[in-house]
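Novice: just to be clear, the model below is a prediction. Sequence and coordinates:
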Amino acid sequence: MILSGFANINLEGEALSLLKVFVYGTLKPGECNYQRYCGERVVEAIPALARGQLFALPLGYPAMIPGDMPVWGYLLSFSEPSVLQALDELEDYDPKREAHLNEYYRCQIEVFHPPLSETGRIWADCQSLGLAWAYLMTPERVRCLGGVALPSGWWGAGKPPRLNLFGYYG
C-alpha cells in the first residue's frame, strides 16, 4: 500500500516508506530550523522546485501560496512519519483546528527536479519527483502579514542550487 506523501523504495532488500516534504524556508539545509527539526532525521535532501508564489514576511520567514511560478527549495525525505507532528507544530498547523486559525496549511503538491539548463520553459524541462507535503499560506493571510513577493522564487542567503550533468552545484 502506498500512502499519500510517502514513497516505497527498496533499501538493502527491505521495503521502506519515506515521508517526503518540500521545504522552501527555515527548514532548508543551512537555515535556522533545519538542524532542530530535520537534522539527523533526514534520509535525503535534494534541491527541488514546486509551483507556487513565494513571499518574504516581515516576521523573518517566507510563505508560499498556490501559483504557477517556480519556488526553489529542497525535497526532504524522512524514514519516520512522526516528524510531521513536529513540523505541524513549528508551522502552527493543526488539522483539527478551523482552517482560518492555522498560520499555514499542509497539503500535497507536485515537486520537480530543477532543469539542467534555463531555456525559458522551466516546467517543460523539469522532471517530476512526485508528490510531497508542503506548508502553504492563504493569500489573504500573506496580505494581512505584509508579505513581499519574491519573483526569484528563492528565500534566504545565497542562490538556489542548480543541477548540471554531474550533479548539483551552488
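Specialist: Sure, I can see it. Everything numeric in this text was worked out from a predicted model, so none of it was measured.
Novice: excluding sequence neighbours, find me the nearest residue to Pro151.
Specialist: In this structure, Pro151 finds its nearest non-sequential neighbour in Met69, 7.6 Å apart by CB to CB, 6 or more residues apart in numbering. Using the backbone N, CA and C atoms, a C-beta is placed for each residue, glycine as well.
Novice: do a quick rundown of the strands in this structure.
Specialist: Using DSSP state E, the strands found in the chain span residues 6-11, 14-23, 42-56, 62-78, 105-113, 127-136, 148-149, 162-164, 167-169.
Novice: any chance of those strands in TSV, with mean neighbour count too?
Specialist: Below are the strands of the chain laid out as TSV (neighbours: other CB atoms under 10 Å):
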stretch	mean neighbour count
strand 6-11	13
strand 14-23	18
strand 42-56	20
strand 62-78	22
strand 105-113	17
strand 127-136	19
strand 148-149	12
strand 162-164	14
strand 167-169	9
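Novice: Pro95: which of these is closest?
Specialist: Closest approach to Pro95 among the strands of the chain (CB to CB): strand 105-113, 7.4 Å.
Novice: from Leu49, how far off is the residue nearest to Pro151?
Specialist: Computed as CB to CB, to the nearest Å, the Met69 to Leu49 distance reads 10 Å.
Novice: just Leu84 next, same as before
Specialist: Look at Leu84 and Leu49: by CB to CB, they are 22 Å apart.
Novice: where does pLDDT dip in the chain?
Specialist: Low-confidence segments of the chain, defined by pLDDT under 70: 1-16, 116-121, 123, 161-170.
Novice: which other helices and strands contact the longest helix anywhere in it?
Specialist: If you go by DSSP state H, the chain has its longest helix at helix 83-90. Contacts defined by 3 or more CB pairs under 8 Å, 6 or more residues apart in numbering; DSSP states H and E place helix 83-90 against strand 14-23, helix 34-37.
Novice: beta partners for Tyr135?
Specialist: Arg106 (DSSP bridges).
Novice: so it touches Glu91, yeah?
Specialist: Yes - taking contacts as CB atoms under 8 Å, Tyr135 lies within contact range of Glu91: 4.4 Å.
Novice: joint contacts of those two?
Specialist: The contact sets of Tyr135 and Glu91 overlap at Tyr104, Arg106 (CB atoms under 8 Å, 6 or more residues apart in numbering).
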